[in-house]
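Peer 1: sequence first, predicted model second:
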Amino acid sequence: MRKPFIRLFQTVRKCLWFLLAWIVLTTLADANTSPDLSTHHSDHDEDAQVETLPMVHVHGLRLNKDQQQGPVPQMTPWPTIPPSLEGKELDDWLKARILVSKAGEPTVVILQPASHRELTLRSLDALKRWTFLPQMSGDDPVEGEVNIRVHFRTK
């Protein structure tokens, strides 16, 4: 009758030692924690000092196939000002639609020409040299289009 009581007492004593050891170790671990860890709240005070840029629209980034809503421009040479208009103050623009075949071949349609014929011709030449990845529907290339506005402005 005494042996079961002694075994129970020894088991309770071992459990108490383990519990005490666990309490001491967790307390020491908390005491060694530095207030400069990256999860500390004072680290977030510096976040307000970071400058943020306004939203920037970037053309020509590849999207996932199921997110792509149009052809993706690869090379986009821009038109130059013709010599006949150099040195003149310009504020002119044109609208164009580029139809892109399944093979990525562009066909340019001028929707609204510039008021200077030379600017329209230079724009047409430059837009015909654009290269594209075709619009995708799942894994299949499909025909697509891109609408753009070219703005010529000099001071």
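Peer 2: In hand now; what should we look at? Model, not experiment: these values are computed from the prediction.
Peer 1: switch to C-alpha atoms for all contacts and neighbour counts from now on
Peer 2: Fine.
Peer 1: for the protein, which segments count as helices?
Peer 2: 2-31, 117-128 (DSSP state H).
Peer 1: so which elements touch the shortest one?
Peer 2: Read it as helix 117-128. Identification of packing neighbours for helix 117-128 by 3 or more Cα pairs under 8 Å, 6 or more residues apart in numbering; DSSP states H and E yields strand 106-112.
Peer 1: identify each buried residue in the strand it packs on, please.
Peer 2: For strand 106-112, the neighbour count (16 or more other Cα atoms under 10 Å) marks 106-110 as buried.
Peer 1: check stretch 69-84 too.
Peer 2: Residues of stretch 69-84 classed as buried by neighbour count (16+ other Cα under 10 Å): 70-73, 79, 81.
Peer 1: export those to TSV and tack on distance to residue 87?
Peer 2: Formatted as TSV, the buried residues of stretch 69-84 follow (distance: Cα to Cα, whole Å):
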residue	distance to residue 87
70	37
71	36
72	34
73	31
79	16
81	10
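Peer 1: was I right about residue 150 contacting residue 91?
Peer 2: No. Look at residue 150 against residue 91 with Cα atoms under 8 Å: they stay out of range, at 10.8 Å.
Peer 1: give me the more crowded residue out of the two.
Peer 2: Neighbour count, other Cα atoms under 10 Å: between residue 150 and residue 91, residue 150 has more, with 17 against 12.
Peer 1: show residues contacting stretch 87-97.
Peer 2: Under the criterion Cα atoms under 8 Å, 6 or more residues apart in numbering, residues 108-116, 120, 145-155 lie in contact with stretch 87-97.
Peer 1: residues near the residue nearest to residue 108 when sequence neighbours are not counted, how many?
Peer 2: Closest residue to residue 108 apart from its sequence neighbours, by Cα to Cα, 6 or more residues apart in numbering: residue 98 at 4.6 Å. Neighbours of residue 98 under the rule other Cα under 10 Å: 20.
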